[in-house]
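Asks: Please find the sequence and the predicted model below.
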Amino acid sequence: MAADVIIWIFLLILFIVAEAVTIELVSVWFVGGALAALLTALLQGSVLLQCIIFLSLSLILLIAFRPLFKKKLVTPLIATNLDMVIGRSGTVIQRIDNDEGTGRVNIGGQQWPARSYDAAIIEAGTKIRVHMINGATLIVYIQ
């Protein structure tokens, strides 16, 4: 077997393994180029022709198909229950005191641990709004 055939087989396997490991559409384009260059080598094409075919086909595959595959692979960001409470209003059901580490609020029928945004003590029954989330604890301020 000629050296160029062995090199293309090696590169083909390398690109396949790299794509299998990353699953990020990094080297799949080069798999097609390496396969075409390998076929060219098997048909006794010159090394220059093999390289031109490899680079050309890899670039064509990248330009033509990457945008299509990227759209299919991108998963939309789905808001969690925590993300959905930011900006919502609620009521303090247990006094919020950051120093004591106490406080619970009711937001849309669900109870959450809460802390005050500005470290103020907020009494039970006070209307609040969620400013942000720290872990699973809501950071709130008086509405």
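Replies: Good, I have the coordinates. Quick caveat, the model's predicted, so the values are computed rather than measured. Numbering: from 1, shown residues only.
Asks: where do the helices sit along the protein?
Replies: Using DSSP state H, the helices of the chain run over 3-22, 28-42, 47-73, 81-85.
Asks: out of those helices, deepest packed?
Replies: helix 28-42 (a mean of 21; mean count of other Cβ atoms under 10 Å). C-beta: built from backbone N, CA, C; applies to glycine.
Asks: Can you tell me which helices and strands that helix packs against?
Replies: For helix 28-42, the contact count by 3 or more Cβ pairs under 8 Å, 6 or more residues apart in numbering; DSSP states H and E identifies helix 3-22, helix 47-73 as packing neighbours.
Asks: Could you check the angle the longest one makes with helix 28-42?
Replies: Spelled out, it's helix 47-73. 150 degrees (axes from the mean of the first three to the mean of the last three Cα atoms, to 10 degrees).
Asks: how close does the residue nearest to Thr126 when sequence neighbours are not counted sit to Ser56?
Replies: Excluding the flanking residues, the one nearest Thr126 by Cβ to Cβ, 6 or more residues apart in numbering is Val92, at 4.7 Å. Distance of Val92 to Ser56, given as Cβ to Cβ, to the nearest Å: 67 Å.
Asks: List the residues that contact Pro113.
Replies: By Cβ atoms under 8 Å, 6 or more residues apart in numbering, Pro113 lies in contact with 103-104, 136-138.
Asks: In strands, which of those residues appear?
Replies: 103-104, 137-138 (DSSP state E).
Asks: Those residues into a markdown table, with extra columns for neighbour count and distance to Thr22?
Replies: Formatted as a markdown table, the ones in strands among the contacts of Pro113 follow (neighbours: other Cβ atoms under 10 Å; distance: Cβ to Cβ, whole Å):
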| residue | neighbour count | distance to Thr22 |
| --- | --- | --- |
| Gly103 | 24 | 45 |
| Arg104 | 17 | 44 |
| Thr137 | 16 | 36 |
| Leu138 | 27 | 38 |
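Asks: Between the contacts of Pro113, which sits nearest Arg66?
Replies: When the contacts of Pro113 are ranked by distance to Arg66 (Cβ to Cβ), Ala136 comes first, at 38.4 Å.
Asks: measure the closest one to Phe65 for me?
Replies: Distance of Ala136 to Phe65, computed by Cβ to Cβ: 42 Å.
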